[in-house]
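Visitor: the sequence and its predicted three-dimensional model are supplied below.
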Amino acid sequence: MISAQEAFERLRAGNRRFVSEASGREALASKSRRSELASGQEPFAIILGCSDSRVPAEIVFDQGLGDLFVIRVAGNIVAPSQVGSVEFAADRFGTRLVVVLGHSSCGAIVATLEELGNPTVDKPRNIHSIIDRIRPSVESLLESGTAHAPDTLIHLAVRANIRASVDHLRHGSEILEHLIQNDGLLVVGAEYSLETGLVDFFDVPKRPG
């Protein structure tokens, strides 16, 4: 088991390789690597990310088979199944870093803001369930002046939604709370830029790991 700090540095280094097009991922997806992992896994980080096809975690962090335990859902929301998936990986594999990975121009965030500004009744119930998870973290933004600057509003809403998911994981699970307090588990937020490829980690505790 590696520490949260070491895992954090591996992700940052991997993202730098991705941005500079110096990827080493091919070697980490080789036949020998597949054989090595057939009997088990020890992912060094858990990524709760958005399902957006432009944000595959293994690629943007330049990691290979067996490196990341990835949970993807539209809007990187946190519902019981996502919490359970994070709990499973943290408890079973001893993984000590959890990253909630949102991204710029998130469609689920845009859809939520549109719904708040102009409510509809014809959206499918399951899509509404995603919007309803995002709604509490962004609706206060519409009451401020940012609603008159759409790009700023979307950026702030993306960040607010990531923070809400981070907070839910930090304080909405007895298992994760115990691991945070006693075993060095770190839960952080991050935003991937579709334009630059950079991942910006934020609200990271001063002494991760």
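Guide: Sure thing, it's come through.
Visitor: for Val187, identify the helix or strand it belongs to.
Guide: Using DSSP states H and E, the element containing Val187 is strand 186-192.
Visitor: what angle sits between the biggest helix by length in the chain and strand 186-192?
Guide: As assigned by DSSP state H, the longest helix anywhere in the chain is helix 150-171. Relative orientation of helix 150-171 and strand 186-192, computed by axes from the mean of the first three to the mean of the last three C-alpha atoms, to 10 degrees: 160 degrees.
Visitor: for helix 150-171, the averaged confidence score.
Guide: Here helix 150-171 scores 95 as its mean pLDDT.
Visitor: got the buried residues for that helix?
Guide: Residues of helix 150-171 classed as buried by neighbour count (16 or more other C-beta atoms under 10 Å): 153-170. (Glycine included, C-beta is placed from N, CA and C.)
Visitor: what's in contact with the following helix or strand past it?
Guide: Per DSSP H and E, the first helix or strand lying C-terminal to helix 150-171 is helix 174-182. Contacting residues not belonging to helix 174-182 are listed as 83, 86-87, 90-91, 96, 98, 169-171, 185-187 [C-beta atoms under 8 Å, 6 or more residues apart in numbering].
Visitor: any residues touching the longest helix of the chain, and which ones?
Guide: In contact with helix 150-171 (C-beta under 8 Å, 6+ apart) are residues 48, 75-78, 83, 86, 98, 100-106, 109-110, 112-113, 134, 136-138, 141-142, 146-147, 176-177, 180, 187-191, 202-203.
Visitor: quick one: it to helix 174-182, angle?
Guide: Calculated by the same axes, to 10 degrees, helix 150-171 forms an angle of 90 degrees with helix 174-182.
Visitor: average pLDDT for stretch 88-103?
Guide: The pLDDT scores in stretch 88-103 average 97.
Visitor: tell me which stretches of the chain form strands.
Guide: Under the criterion DSSP state E, strands of the chain are mapped to 45-49, 68-72, 97-103, 186-192, 199-202.
Visitor: of all those strands, which lies closest to Ala7?
Guide: Between Ala7 and the strands of the chain, the shortest gap by C-beta to C-beta is with strand 97-103, which sits at 3.8 Å.
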